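>>> Okay, here's the prediction I keep looking at, along with the sequence it came from:
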Amino acid sequence: MRGRAPAGRRRAAGGRHPVGALVPRPGRPAPRGGRRGLVGHAVAVRGDGEQARLRAAAACLCLRRAPAARLRARGDHARERRSGAAIGCLRGRRDGCGHAGRRPGHRGRRAAARGGPVNPPVVVTIAGTDSGGAAGIAADLATFAALGVHGACVVTAVTAQDTTGVHAVHPVPYDVVVAQLDAVLDDLDPVAVKTGMLGTPEVVRLVAERCAGRLLVVDPVMVATSGAVLASEAVVAAYREHLLPVATVATPNEEEHASLGRPDGPGVIVTRGGDVPTTNDHGTGCTYSAALAAHLAHGASLTTAADRAAAYVTQQLVAGKDWTLGRGRGPVAHVHTTPHRGEIA
Ligand SMILES: Nc1ncnc2c1ncn2[C@@H]1O[C@H](COP(=O)(O)OP(=O)(O)O)[C@@H](O)[C@H]1O
Ligand SMILES: Cc1ncc(COP(=O)(O)OP(=O)(O)O)c(N)n1
């Protein structure tokens, strides 16, 4: 649960190279050719009450890539699947489409042909760190791991933060954010992108430019639980102008929704608390949007992904409700009931 600060405040809101240098990677393979296009139509979703009510028209957001595109254009999903070409479709099996996830690369296809393991979907979070391990990158990567996707990360800001509040924010230099994003997009080719605290309008624009056309979950983080402002007016304006128009789905809470001018176009889920009685809820918004991105990456429809994300947050809030970590608003649980304890199976 992000803070409920007054509306006005909410809106303000190798080797011989030196440490931190950007080191060119010799012999790096050229990026895979062709940019993916997202075809299909986004889904009209809007929150209107206790939990966002989803008005989702089923959408087929297949990621087009020849030669699969020809099959897909004919709507021949079964043949496409047999050809090993199915990738990132937002209509899950339940919706009759049957796409399960991204197209595996050649190593994945060979492994699959042998009956071996296939690659997990890759999801990248572009967000800030929380030194307390509750929100931001920590929440996102923990949630991705729990939900069976490989998580990559682009760090936009470092925060000194704990259960009592945000004590300092240090934006990561723009060129370092660009370098992280280039590395992940070029090499790992994530099927989905999730954004959290972006920090500056320049980074908001960068993400809009570089990530349009992928499954894009935008959590427009503006204020922390503690009331600390994490986005300026200029960042909010950049969300409206650049990022929301290219998002697959945005997950503002009610205050953020108001700050953004109450967008009600395709793909808006307004989040709002829930029934679990707990004060250990620092990081719920990040966890919810990360879970949503993970389920979309697995090929769930938006409706299904939203339901599963809410169920995941509920489960983790229940798991941590009696914790007494820290002196303030405790973290949503990012641990699980069957942790690996070091035994060899
Ligand atoms: N106390 C709670 N019990 C059950 N689910 C919750 C609770 N708090 C949050 N959630 C779930 O997490 C989502 C995001 O929570 P919210 O408080 O809106 O996030 P934010 O931190 O962005 O304000 C909610 O829509 C809901 O699904
Ligand atoms: C680095 C960082 N990013 C995001 C938040 C906000 O987290 P969220 O889960 O959306 O809301 P709260 O947990 O703060 O209620 C943050 N605090 N830090």
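Alright, I've got the coordinates. Ligands and ions are numbered 1, 2, ... in the order given.

>>> CA only for contacts and neighbour counts going forward, please
OK.

>>> what's the neighbour count on residue 285?
Residue 285 has 29 neighbours, counted by other CA atoms under 10 Å.

>>> Just say helix, strand or coil for it.
helix (DSSP: H, G, I helix; E, B strand; the rest coil).

>>> Give me the local confidence score for it.
As summarised for this prediction, residue 285 has a pLDDT of 98.

>>> repeat for residue 116
68.

>>> hey, where'd the helices end up in the protein?
Per DSSP state H, the chain carries helices over the ranges 7-12, 68-73, 77-82, 106-113, 136-146, 174-187, 201-211, 233-238, 254-259, 284-297, 302-320.

>>> Could you check the ones you listed and tell me which one is nearest residue 246?
helix 201-211 (6.6 Å; CA to CA).

>>> Just the CA trace of the closest one, in CSV.
Provided in CSV are the C-alpha atoms of helix 201-211 (Å, rounded to 0.1, in the frame of the first residue of the first chain):
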residue,chain,number,x,y,z
PRO,A,201,11.2,12.4,-17.2
GLU,A,202,14.1,11.5,-19.4
VAL,A,203,14.0,7.9,-18.2
VAL,A,204,10.2,7.8,-18.6
ARG,A,205,10.6,8.9,-22.3
LEU,A,206,13.5,6.4,-22.8
VAL,A,207,11.3,3.5,-21.6
ALA,A,208,8.5,4.6,-23.8
GLU,A,209,10.7,4.7,-26.8
ARG,A,210,12.6,1.5,-26.2
CYS,A,211,9.9,-0.7,-24.8
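
>>> tell me what it is packed against?
Packed against helix 201-211 by the contact rule (3 or more CA pairs under 8 Å, 6 or more residues apart in numbering; DSSP states H and E) you find helix 174-187, helix 233-238.

>>> buried ones in that helix?
Under the neighbour-count criterion of 16 or more other CA atoms under 10 Å, helix 201-211 has 201, 203-208, 211 buried.

>>> what's the angle between that helix and helix 174-187?
10 degrees (axes from the mean of the first three to the mean of the last three CA atoms, to 10 degrees).

>>> who touches the closest residue in space to residue 196 that isn't next to it in sequence in this structure?
Among residues not flanking residue 196 along the chain, residue 127 sits closest, at 4.5 Å (CA to CA, 6 or more residues apart in numbering). Contacts for residue 127 (CA atoms under 8 Å, 6 or more residues apart in numbering) come out as 136-137, 153-157, 195-198.

>>> Restricted to strands, list those.
Assignment to strands by DSSP state E places the following of the contacts of residue 127 there: 153-157, 195.

>>> Highest neighbour count among the residues you listed?
In terms of neighbours by other CA under 10 Å, these top out with residue 195 at 30 neighbours.

>>> Give the full set of residues in contact with that one.
Counting by CA under 8 Å, 6+ apart, residue 195 touches 125-127, 216-220.

>>> Apply 10 Å and report the result again.
Residue 195 is in contact with 124-128, 136-137, 140, 153-154, 156, 204, 207, 216-221, 243, 250, 286, 289-290, 293, counting by CA atoms under 10 Å, 6 or more residues apart in numbering.

>>> Columns mean neighbour count, mean pLDDT and distance to residue 264 on top of the helices and strands packed on helix 201-211, output as JSON lines?
Formatted as JSON lines, the helices and strands packed on helix 201-211 follow (neighbours: other CA atoms under 10 Å; pLDDT from 0 to 100; distance: least, CA to CA, whole Å):
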{"stretch": "helix 174-187", "mean neighbour count": "16", "mean pLDDT": "98", "distance to residue 264": "29"}
{"stretch": "helix 233-238", "mean neighbour count": "20", "mean pLDDT": "97", "distance to residue 264": "16"}
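
>>> who wins for proximity to residue 330 among the ones you listed?
For residue 330, the closest of those is helix 233-238, at 27.3 Å, according to CA to CA.

>>> And that closest one, what does it pack against?
On a contact count with 3 or more CA pairs under 10 Å, 6 or more residues apart in numbering; DSSP states H and E, helix 233-238 meets helix 7-12, helix 201-211, helix 254-259.

>>> got those as JSON lines, with mean pLDDT and distance to residue 225 columns?
Formatted as JSON lines, those follow (pLDDT from 0 to 100; distance: least, CA to CA, whole Å):
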{"stretch": "helix 7-12", "mean pLDDT": "30", "distance to residue 225": "11"}
{"stretch": "helix 201-211", "mean pLDDT": "98", "distance to residue 225": "22"}
{"stretch": "helix 254-259", "mean pLDDT": "96", "distance to residue 225": "12"}
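
>>> Many thanks, we can stop here.
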